[in-house]
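> below: sequence and its predicted model.
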Amino acid sequence: MQENLERVLFDEQTILRRLDQIAAQIVTDYRERDLTVIAVLNGSLIFMADLLRRIPLPLKLDCLRVASYHGGTRTTGGVVFNQVALPDVTGRHILILDDILDSGVTLAAIGEKLRAARPLSVKLCVLLRKQKIRLRPLEADYVGFDIRDEFVVGYGLDYQERYRNLPCIGVLRTELIGAA
Ligand code: IMP
Ligand code: MG
């Protein structure tokens, strides 16, 4: 499957080493606080599994499913919450986990929705952050890696639901984008 990549940006060992560092930081920051992690599906699945097992705190975990991409490589603008009941965040310290901060549209919408339920605090943790001007300016509190503004797959990130199971993160070959 790796032959579908133009180049590898981060191999598995590099990702896991970085997760050790982020996890240590989160443990320090939330040691005395009641932490609820809210993972944004599906992109954060693999990241979430590897990161949370490095955090020895009695945290709670819940997931949110949203749709914002509609299969292309560009954000279309609208965010749909594919869920009736939202996680119970009132009075809790919330850490949102997502795969990538791109246009900021998805995470801004999620942040607004969760803040309306009056949590004690909301922080954001993303594995990747694209360096670009965002439609919704948004600060992440924990960032795995900064990357250029190019389309990447692997380690949870997909192109039309494929490549999530690649153990590394890389740039998809351009001739595969737009092909069926
Ligand atoms: P947003 O543009 O910040 O709203 O990003 C929305 C979602 O688009 C992310 O959570 C990812 O699932 C997806 N996305 C953005 N950039 C990429 C990419 O380079 N590869 C794969 N998915 C991406
Ligand atoms: Mg996606």
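Thanks, I have it. Ligands and ions are numbered 1, 2, ... in the order given.
> in the protein, which helix or strand is least confident?
strand 80-81 (a mean of 82; mean pLDDT, DSSP states H and E).
> from the chain's centre, how far out does that one sit?
Strand 80-81 sits 16 Å away from the centroid of its parent chain (C-alpha atoms, centre = their mean, to the nearest Å).
> what sits up against it?
Defining contact as C-beta atoms under 8 Å, 6 or more residues apart in numbering, one finds that strand 80-81 is touched by Leu64, Arg65, Val66, Ala67, Ser68, Lys113. Heads up, the C-betas are built off the backbone N, CA and C, glycines and all.
> are any of these buried, and which?
Neighbour counting with 16 or more other C-beta atoms under 10 Å marks Leu64, Val66, Ser68 as buried within the contacts of strand 80-81.
> in this structure the last one contacts Asn82, no?
No - look at Ser68 against Asn82 with C-beta atoms under 8 Å: they stay out of range, at 10.5 Å.
> helices of the chain, start to end?
12-30, 45-52, 105-115 (DSSP state H).
> can you say which of the ones you listed is packed in most?
With neighbours defined as mean count of other C-beta atoms under 10 Å, the helices of the chain peak in mean count at helix 45-52, which reaches a mean of 20.
> angle of that helix against helix 12-30?
Taking axes from the mean of the first three to the mean of the last three C-alpha atoms, to 10 degrees, one finds that helix 45-52 is oriented at 60 degrees with respect to helix 12-30.
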